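In: Okay, sequence plus prediction incoming.
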Amino acid sequence: MAQRLVSFGTDGTVFNRGTPRHPAKLPVPATPAALPLLVMEGIRKEGRRGEGQALAWLDLQVMRGEMVTLLGPAGAGKSVALDLVAGFLEPDGGRLLIKGEKQAGVPTWRRDIGLVSGTPDLFPEMTVLANAAFALEARGVARAEREERAGAMLERLGVPPSLSAERPAGLPLPIAMRVALARALVHEPALLLLDDPLGALAGEEREALAADLARLHRALGLTVLHATRDAALALALSDRVAVLEGGTLRQAGTPRDLYERPADPLVAALTGPCNRLGGRVVSMEDGLCRVRLDCGPTVEGLPVTGPEGSPRPGGRCLLVIRPEAVAVAPLSAEEMGEDALPARLVENRFAGGHLRLRLEVGEGGELLAHRPPDLALPAVGEDAALAWALAAARVYPA
Ligand SMILES: Nc1ncnc2c1ncn2[C@@H]1O[C@H](COP(=O)(O)OP(=O)(O)OP(=O)(O)O)[C@@H](O)[C@H]1O
């Protein structure tokens, strides 16, 4: 009997609806590019006894080819979220779909994923090559092919071929992590789950693996859900970042969005260093909020609508400003300009690419500033002036 061909409009792909496993003409893309590869909708998970909710409500999508990082402090729910996607845990509520398919009840081994956690967890009795080939062996791929593919993946990850026949026991951690990544990627999973694989690495080795992950992501078009506590890593590596705290998604967006336009002071603090100064809103005019800081001076900033609403005249607020947005000069405030504040430099520490300055402002106020090392500054203990571009300061309802 002739097979009925159905054309699916968005990308013109033609396939046989009756036998979807066997494409009639063109290969069926597992997920059309515009559809999310991973969907988490209203996902909830109770914590262990007496701990409250591990995940209160998580709505998150990961598009094909996208690297999304869950960023949050210890206990935020990052690992629980990854374990739910991996199928190690089942949600207490919500929907989880991979490639449009509901995953409820689907065991880990049947999910189209690869997984690497903070420790390589290689099989000690197998060689490096056999470890890397494991997922292919489990899928019944013939030995010659799986060894060739595993060897190629190890090479991509920079594991020297001379190590192929070694057991993992004596491998340095950075190499073992690379073997674990090869094992997770060898079967070309639709989704790579990374639970802080760089967490135990430091210095150049950490930098090198982060750079290789970024390269692999681009070269192989990987779709990745990654978790870390490290804001700088999350911002540098990801297409989008989802900030989790206490089992709640606070904000998801591009790294730049989160850094420059955090939805609340907590997101600001979790995405990088920031000053948070308490105060009261004096007035709101021309799109700017005038704030009398608790330490004395009156300053301006952009009002931001937070979960508690907009800053209101008379209401308590927090003014948030990144340290690198604060200019410091060895001048009086009058000399520096109209919006400058008088301050006193109390600490000046060299921090590599910048100087880390601590300044006293008003009565008991304190502010951090990051300045390039070669700028003229007052000596520690002397008066200074500081200022910032108005748009750099953001005012949130407290
Ligand atoms: N299997 C589980 N079932 C229920 N709750 C869990 C489970 N594992 C962890 N939790 C709880 O979920 C909460 C979040 O833990 P989780 O390990 O996801 O944090 P995390 O953000 O990954 O932290 P870290 O950066 O330290 O790894 C904690 O209260 C934890 O005790």
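Out: Sure, I can see it.
In: what about the closest residue to the ligand within the stretch 201-350 of the chain, how many neighbours?
Out: Among the residues of the stretch 201-350 of the chain, residue 229 lies nearest to the ligand; the distance is 5.0 Å by Cβ to the nearest ligand atom. Glycine gets a C-beta too; all of them are placed from N, C-alpha and C. By other Cβ atoms under 10 Å, 16 other residues sit near residue 229.
In: now do residue 211
Out: The number of residues packed near residue 211 is 12, by other Cβ under 10 Å.
In: Any regions of the chain where pLDDT drops low?
Out: Counting by pLDDT under 70, the chain shows low-confidence ranges at 1-34.
In: just the helices in it please.
Out: 78-86, 128-138, 143-156, 173-185, 203-220, 231-237, 255-260, 265-271, 333-336 (DSSP state H).
In: circling back: against residue 245, how distant is the residue of the stretch 201-350 of the chain closest to the ligand?
Out: Going from residue 229 to residue 245 by Cβ to Cβ, to the nearest Å gives 11 Å.
In: Now do the shared contacts for these two.
Out: Common neighbours of residue 229 and residue 245, counting by Cβ atoms under 8 Å, 6 or more residues apart in numbering, are 72-73.
In: Determine the number of other residues adjacent to the closest residue to the residue of the stretch 201-350 of the chain closest to the ligand other than its chain neighbours.
Out: Distances taken as Cβ to Cβ, 6 or more residues apart in numbering put residue 73 closest to residue 229, at 6.0 Å, once the chain neighbours are dropped. Counted with other Cβ under 10 Å, residues neighbouring residue 73 total 14.
In: for residue 168, same thing?
Out: 21.
In: who's in contact with residue 365?
Out: By Cβ under 8 Å, 6+ apart, the contact set of residue 365 is 277, 293-297.
In: Now, of those residues, which are buried?
Out: Using 16 or more other Cβ atoms under 10 Å as the burial test, the contacts of residue 365 include 277, 293, 295, 297 as buried.
In: Look up how far the ligand lies from residue 387.
Out: Separation of residue 387 from the ligand (Cβ to the nearest ligand atom, to the nearest Å): 37 Å.
In: Any idea what that residue is bridged to?
Out: Beta-bridge pairing of residue 387 under DSSP bridges involves residue 327.
In: Make sure it is actually in contact with residue 337.
Out: Yes. At 6.1 Å, residue 387 and residue 337 qualify as touching, with contact defined as Cβ atoms under 8 Å.
In: Between the two, tell me which one has more neighbours.
Out: For residue 387 and residue 337, the more surrounded residue by other Cβ under 10 Å is residue 387, and the numbers stand at 20 against 12.
In: mind listing what that one touches?
Out: Going by Cβ under 8 Å, 6+ apart, the list of residues near residue 387 reads 326-327, 329, 336-337, 339-341.
In: Domain ranges for the protein, per the record?
Out: 1-30, 36-260, 275-397 (automatic domain parsing).
In: Between the two ends of the second one, how far is it?
Out: If I follow you right, that is domain 36-260. With Cα to Cα, to the nearest Å as the measure, the first residue of domain 36-260 is 26 Å from its last.
In: what do you get for stretch 121-132?
Out: One end of stretch 121-132 to the other measures 12 Å (Cα to Cα).
In: Was I right to think residue 186 contacts residue 138?
Out: No. Counting by Cβ under 8 Å, residue 186 does not reach residue 138; the two are 10.6 Å apart.
In: more crowded one of the two?
Out: Just comparing residue 186 and residue 138: by other Cβ under 10 Å the higher neighbour count belongs to residue 186, 25 against 11.
In: so how far is residue 116 from that one?
Out: From residue 186 over to residue 116 (counting by Cβ to Cβ), the distance is 12 Å.
In: ok so, going back, let's see which of the buried ones among the contacts of residue 365 end up in strands.
Out: Among the buried ones among the contacts of residue 365, the members found in strands (DSSP state E) are 277, 293.
In: Now tabulate the buried ones among the contacts of residue 365 in a markdown table and tack on distance to residue 221.
Out: A markdown table is the format used below for those (distance: Cβ to Cβ, whole Å):
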| residue | distance to residue 221 |
| --- | --- |
| 277 | 44 |
| 293 | 49 |
| 295 | 51 |
| 297 | 51 |
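In: Spatially central residue for this structure, please.
Out: Closest residue to the average C-alpha location of the chain: residue 69 at 2.9 Å, with Cα atoms, centre = their mean.
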